[in-house]
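Have a look at this prediction, sequence included:
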Amino acid sequence: MASKNQNKPPIPNFTNAPASPSNNQPVVDEVAVDKRRKIGLGKMVGPANSGRTRQAFSVVNGGQENGGPPSSAGSECGGIEFTKEDVEALLNEKMKGKNKFNLKEKCDQMMDYIRKLRLCIKWFQELEGSYLLEQEKLRNMLDCAERKCNELEVLMKNKEEELNSIIMELRKNCASLHEKLTKEESEKLAAMDSLTREKEARLAAERLQTSLTDELGKAQREHLSASQKITSLNDMYKRLQEYNTSLQQYNSKLQTELPTVNEALKRVEKEKAAVVENLSTLRGHYNALQDQFTLTRASQDEAMKQREALVNDVVCLRGELQQARDDRDRYLSQVEVLTTEVVKYKECTGKSFAELENLSLKSNELEARCLSQSDQIKALQDKLGAAEKKLQVSDLSAMETRTEYEEQKKLIHDLQNRLADAEIKIIEGEKLRKKLHNTILELKGNIRVFCRVRPLLADDSAAEAKVISYPTSTEFFGRGIDLMQSGQKHSFTFDKVFIPDASQQEVFVEISQLVQSALDGYKVCIFAYGQTGSGKTHTMMGRPGNPEQKGLIPRSLEQIFETRQSLKSQGWKYEMQVSMLEIYNETIRDLLSTNRSCSDVSRTENGVAGKQYAIKHDANGNTHVSDLTVVDVRSTREVSFLLDQAAQSRSVGKTQMNEQSSRSHFVFTLRISGVNESTEQQVQGVLNLIDLAGSERLSKSGSTGDRLKETQAINKSLSSLSDVIFALAKKEDHVPFRNSKLTYLLQPCLGGDSKTLMFVNISPDPSSLGESLCSLRFAARVNACEIGIPRRQTNMRPSDSRLSYG
């Protein structure tokens, strides 16, 4: 009666079968334990177990044949098992008897049949109990699996948060490394800029040395000339003996100042050597910085690669985590399917035996999958440990790069400090050079001369290199200019030479200290000389509407007003007055007058119908122009408005040499009166800025009519200026200041106690070479003139605050 379907494992959630009154609970427990052991081993009972089935019926029949050892559970069923066929055979069993009326035999048979049914019912009850225990066990296992899954999920969430935090830290480190890289690049660029500035400073120091040597040689030559003059003057008239003694005193004074100049030269040379040494050390540090920068970039590339590998590992771990979650969801769905199958088993008990084997296989698969999940979790933990180790390695590399960056930052800071010290020394040397140079010029009383070459225009020929050149030697660099005419070279040396590329700001920097002297109580005069079209008006006035092209007059006014504002904290209060005039055809015209007559506008030469402006000089060297308009100013805006008004009133005209040629001499005067409230000291300074009309040749300008008269008057006044310069250079007794209105107006500047500077403007056009050569020769004579030592005008609150002209 045994078949292949016997001994199948129990199914979870099996409902209780109807129990018999003779059901014994201990028997059920022992049979359930035995069944759990059999199910745990997972053995398949097949045809080979038919002997055990026969043993069960033999026990039921009261005998024992070919049976194994009875069960030690102590139950009445012992080790009896029933199959489906046994139950059907028991239900279909019929009464057997030879005599139908033998009631005793029938009763025995019925008792035997009832005993078999009881055994079968007990066996079903024990089987149901074992199923309940197995169901409870599977529930416990399922709860354990769910708790483990929840714990794994919590762990994975924690690991994910840790990995996210690590990723954020890596991103922050990457961003900080990028910032460090940009900072290092910017610092490298700053170091390059500082290196270039240091090179320029070295060139400036060399130029300083050459200028000082030149000044020393000039002083020695002047000393020799002075001694020759002294020997010649000893043979002259007795009335010049007092003058001879004064010259000897002046000579002794120059000799006493020569050692101080020599000491200053030696000190500048020592500072130059120190700067050269600093340059060499800075170059070495710069090369070391470049090597460290390449190493830092390589370490940063390695850190980026490690970061990418860690990001890939995190992506893989996330994928595996998602796969584990998917497996968990699939297992939960399978558990739900199993529960539905248990419900179906309640409805139909007979169908459950056929599905027990599949359920056991599925449970085994679940256990195997749980084991595989545990292995996967261990692998993920190993990978997390490896990722943490990689993160530690990357942190160590980041710390190393950070320390290297700090060292480089310290090194760059030291280099910047050294560069700053070198720049300060160079600036101090340049200031000392300028101070010594100004001191020498003031002691000599010479007129300073600056030369400026304008750029080539579209109408000019591009042959500047053949006509004009600039010496590159250290002795004449920035101070010399050479002209080539008919194969002959003419060399000139001035206080400063500006090449065509020089900006308006560079030109103003050189005269800024001279402009500052006007606030200190000195008379200052700056005038521009040159031929028509050489750039005089551009130098003095600039180009209106373009802030970078402002000329010397607007920039000087801005500096004076800014300095006045800064001196308020020291108790100084300044009042300033402006006047502007032009000398047109030997006639003075007021450019700020509000009621100019028609005769003034028509530019009459004698000016009978207009005001008669007379020039007068007092005993103190001050100049007055009668009936001239004087305007009080308080800001640069007011002065700019007056300048625009004067520019509209000034006489200009068109010639063949210049589209807008100045046909008059323009004189701008700023009178400054300063009072210190705390010390009761008062200073009076005058700043004269003059734009002379350009010299021109009639053959080139093509002037006729009024333009011809204007040209003749301009050339006459410039010729008178040349006669005055020649007389001053030869130290003649009579200087012809009264030959022209221009020279008479400039008498305090050319022959008094004023600080005077002349700009000689020349054109690079080869067709203007003759005029340029004449201008440079005239400028050289002006540079050799001695006009006296400048004197500062200070007193204690005079009653009359009205300022003189200059």
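Nice, thanks for sending it over.

all strands of the stretch 301-450 of the chain, in order?
All strands of the stretch 301-450 of the chain, identified by DSSP state E, counting those that start in this stretch, fall at 448-453.

quick one, helices of it?
For the stretch 301-450 of the chain, the helices defined by DSSP state H, counting those that start in this stretch occupy 349-444.

Low-confidence stretches in it?
Residue ranges of the stretch 301-450 of the chain with pLDDT under 70: 342, 345-356, 430-431, 433-435, 437-446.

Need the contact partners of stretch 626-638.
554, 557-558, 561, 575-579, 581, 590, 592-594, 611-614, 616, 639, 642, 671, 805 (CB atoms under 8 Å, 6 or more residues apart in numbering). For every residue, glycine as well, the C-beta is placed using N, CA and C.

mind redoing it with 6 Å?
Residues outside stretch 626-638 that contact it (CB atoms under 6 Å, 6 or more residues apart in numbering) are 557-558, 561, 576-579, 590, 592-593, 611, 613-614, 639.

Could you export these as JSON lines, including secondary structure and distance to residue 506?
Formatted as JSON lines, these follow (DSSP: H, G, I helix; E, B strand; the rest coil; distance: CB to CB, whole Å):
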{"residue": "557", "secondary structure": "helix", "distance to residue 506": "19"}
{"residue": "558", "secondary structure": "helix", "distance to residue 506": "16"}
{"residue": "561", "secondary structure": "helix", "distance to residue 506": "22"}
{"residue": "576", "secondary structure": "strand", "distance to residue 506": "27"}
{"residue": "577", "secondary structure": "strand", "distance to residue 506": "30"}
{"residue": "578", "secondary structure": "strand", "distance to residue 506": "26"}
{"residue": "579", "secondary structure": "strand", "distance to residue 506": "29"}
{"residue": "590", "secondary structure": "strand", "distance to residue 506": "34"}
{"residue": "592", "secondary structure": "coil", "distance to residue 506": "31"}
{"residue": "593", "secondary structure": "coil", "distance to residue 506": "36"}
{"residue": "611", "secondary structure": "coil", "distance to residue 506": "41"}
{"residue": "613", "secondary structure": "coil", "distance to residue 506": "37"}
{"residue": "614", "secondary structure": "coil", "distance to residue 506": "40"}
{"residue": "639", "secondary structure": "helix", "distance to residue 506": "23"}
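
just to confirm, which helix or strand has residue 637 in it?
helix 636-649 (DSSP states H and E).

in that helix, what counts as buried?
Residues of helix 636-649 classed as buried: 636, 638, 639, 640, 642, 643, 646, 649 (neighbour count, 16 or more other CB atoms under 10 Å).

Going through the contacts of stretch 626-638, which ones are buried?
Going by neighbour count (16+ other CB under 10 Å), those have 557, 561, 576, 577, 578, 579, 590, 592, 593, 611, 613, 639 buried.

ok, back up a step: hmm, which of the contacts of stretch 626-638 is lowest in pLDDT?
Here the lowest pLDDT out of these sits on residue 611, with 71.

neighbours around the spatially closest residue to that one that is not a sequence neighbour, how many?
What sits nearest to residue 611 in space, not counting adjacent residues and going by CB to CB, 6 or more residues apart in numbering, is residue 627, at 4.9 Å. By other CB atoms under 10 Å, the residues close to residue 627 number 12.

low-scoring stretches of the stretch 501-650 of the chain, by residue?
595-610.

Tell me where it has strands.
Under DSSP E, counting those that start in this stretch, the stretch 501-650 of the chain gives strands at 523-530, 572-584, 587-590, 615-617, 623-625, 631-633.

one step back: of the buried ones among the contacts of stretch 626-638, closest to residue 338?
residue 561 (98.3 Å; CB to CB).

what's the nearest residue to that closest one if we skip its chain neighbours?
According to CB to CB, 6+ apart, the nearest residue to residue 561 is residue 636 (5.3 Å).

same check, this time on residue 554
Closest to residue 554 by CB to CB, 6+ apart is residue 542, at 6.4 Å.

which residues does that neighbour bridge with?
residue 550 (DSSP bridges).

Pull out the buried residues from stretch 373-388.
Buried residues in stretch 373-388 (16+ other CB under 10 Å): 373, 376, 377, 380, 384, 387.

Let's have the residues you listed in a markdown table, adding distance to residue 692.
Below are those laid out as a markdown table (distance: CB to CB, whole Å):
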| residue | distance to residue 692 |
| --- | --- |
| 373 | 102 |
| 376 | 98 |
| 377 | 98 |
| 380 | 93 |
| 384 | 89 |
| 387 | 84 |
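
returning to that earlier point: quick check: of the contacts of stretch 626-638, which lies closest to residue 228?
Nearest to residue 228 out of the contacts of stretch 626-638 is residue 614 (CB to CB; 43.3 Å).

Just give the nearest non-adjacent residue to that closest one, would you?
The nearest residue in space to residue 614 (CB to CB, 6+ apart) is residue 626, at 4.6 Å.

For that neighbour, grab phi and psi.
Note on residue 626: backbone dihedrals following degrees, to the nearest 10 are phi -70, psi 150.

so where's the stretch 101-250 of the chain shaky on pLDDT?
Residues of the stretch 101-250 of the chain that meet the cut-off, pLDDT under 70, sit at 227, 230-248, 250.

where do the helices sit along it?
So, for the stretch 101-250 of the chain - with DSSP H, counting those that start in this stretch - the helices run 103-234, 241-347.

Output the contacting helices and strands for the longest one.
Meaning helix 103-234. Under the contact criterion of 3 or more CB pairs under 6 Å, 6 or more residues apart in numbering; DSSP states H and E, helix 103-234 touches helix 25-41, helix 241-347, helix 349-444.

what comes into contact with stretch 405-412?
By CB under 6 Å, 6+ apart, stretch 405-412 touches 180, 187, 292.

I'd like to know which of the residues you listed are buried.
180, 187, 292.

In contact with the last one, which residues?
Residues in contact with residue 292 (CB under 6 Å, 6+ apart) are residue 408.

roughly how far apart are it and residue 189?
Counting by CB to CB, to the nearest Å, the gap from residue 292 to residue 189 is 16 Å.

And for residue 344?
81 Å.

Now the buried residues of helix 636-649 in TSV, please, with extra columns for distance to residue 786.
Shown next, in TSV, are these (distance: CB to CB, whole Å):
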residue	distance to residue 786
636	35
638	38
639	33
640	37
642	35
643	34
646	33
649	37
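
of those residues, closest to residue 746?
residue 646 (18.8 Å).

Could you list which residues are in contact with that closest one?
Residue 646 touches 580, 591, counting by CB under 6 Å, 6+ apart.

ok, now with 10 Å
541, 578, 579, 580, 581, 582, 590, 591, 592, 666, 668 (CB atoms under 10 Å, 6 or more residues apart in numbering).

picking up where we left off before, out of the helices of the stretch 101-250 of the chain, which comes closest to residue 691?
Of all the helices of the stretch 101-250 of the chain, helix 103-234 comes closest under CB to CB, at 28.2 Å.

Check the offset of the closest one from the chain's centre.
Relative to the chain's own centre, helix 103-234 is displaced by 27 Å; criterion: CA atoms, centre = their mean, to the nearest Å.
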